[in-house]
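K.L.:
Just need the structure, nothing else, for what follows:
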Amino acid sequence: MPFEVIHFRESEKILKEKRLVKDVKETLEYIDDALYGSLYRRELLRQALDEMDWRDNGSLNIIDGRRYQYKGFKKGVALEGDSFASYEYLWTGLLRLQVGFDKGLIETGILMLTAARSEKSSYGTSRELAEAEVELLYPTISLPCSIALFNLGAPIISNGEEGGVIESGTSISADDNGAVKEADQS
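P.N.:
As a prediction, the model looks like this:
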């Protein structure tokens with residue numbers, strides 16, 4: 001499953017009023033495609049948001065005089081995420097969106113998170129946990145918001161079938177188990 005979006009406190013209604021439903025869907029699809037299996041997600045996310053016109057340095061700031069910025073912003077809607085490093089960013093991301101909402105900078109926010117969590121978790125699915133946590137954080141976190149959960153997979157790293165050359169000129173390759181070995185130079 002690619003990504004899924006959960007809306008809270010009429011955030012979907014705000015997106016419809018701003019005529020951003022299609023734009024948000026296309027942006028999230030593009031992010032999902034661009035980041036799936038990637039290793040360096042932060043730069044790819046920034047590039048994808050640039051290409052989808054969500055990056056305007058003048059409107060990304062959360063607090064004047066500080067480097068705190070949203071990942072993207074358009075028509076009063078902020079996109080926030082932390083390179084999909086961990087689901088636990090939920091609280092921090094929602095707080096960043098709440099600050100912008102309380103300051104009148106945004107009307108709603110979309111928090112992008114990884115859906116990956118420990119297999120040992122007893123809290124159900126990522127969707128169930130997100131729904132419960134957003135409700136438990138009320139009234140501290142009260143803004144209309146959406147959460148986009150992504151399944152970006154593990155980074156895809158070459159299995160070494162093509163081999164390669166170390167700077168010293170030594171040829172290397174990998175066996176069927178992925179173990180790197182120096183090639184016979186004879």
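K.L.:
quick one: the strands in the chain?
P.N.:
3-8, 72-74, 77-81, 108-114, 145-150, 164-165, 171-174, 180-182 (DSSP state E).
K.L.:
okay, those strands in CSV with mean neighbour count next?
P.N.:
(Each C-beta comes from the backbone N, C-alpha and C, glycine too.) What follows is these, written out as CSV (neighbours: other Cβ atoms under 10 Å):
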stretch, mean neighbour count
strand 3-8, 18
strand 72-74, 23
strand 77-81, 25
strand 108-114, 25
strand 145-150, 24
strand 164-165, 12
strand 171-174, 14
strand 180-182, 11
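K.L.:
between the ones you listed, which one is nearest to residue 23?
P.N.:
Nearest of the strands of the chain to residue 23, taken as Cβ to Cβ: strand 72-74 at 7.2 Å.
K.L.:
and that closest one, what does it pack onto?
P.N.:
With contacts taken as 3 or more Cβ pairs under 8 Å, 6 or more residues apart in numbering; DSSP states H and E, strand 72-74 sits against strand 77-81.
K.L.:
make it 7 Å
P.N.:
In terms of contacts (3 or more Cβ pairs under 7 Å, 6 or more residues apart in numbering; DSSP states H and E), strand 72-74 is packed against no helix or strand at all.
K.L.:
Note down every partner strand of that strand and its orientation.
P.N.:
Here strand 72-74 is paired, per DSSP bridges, with strand 77-81 (antiparallel).
K.L.:
now the angle between strand 145-150 and the partner strand, please.
P.N.:
Here the directions of strand 77-81 and strand 145-150 differ by 40 degrees (axes from the mean of the first three to the mean of the last three Cα atoms, to 10 degrees).
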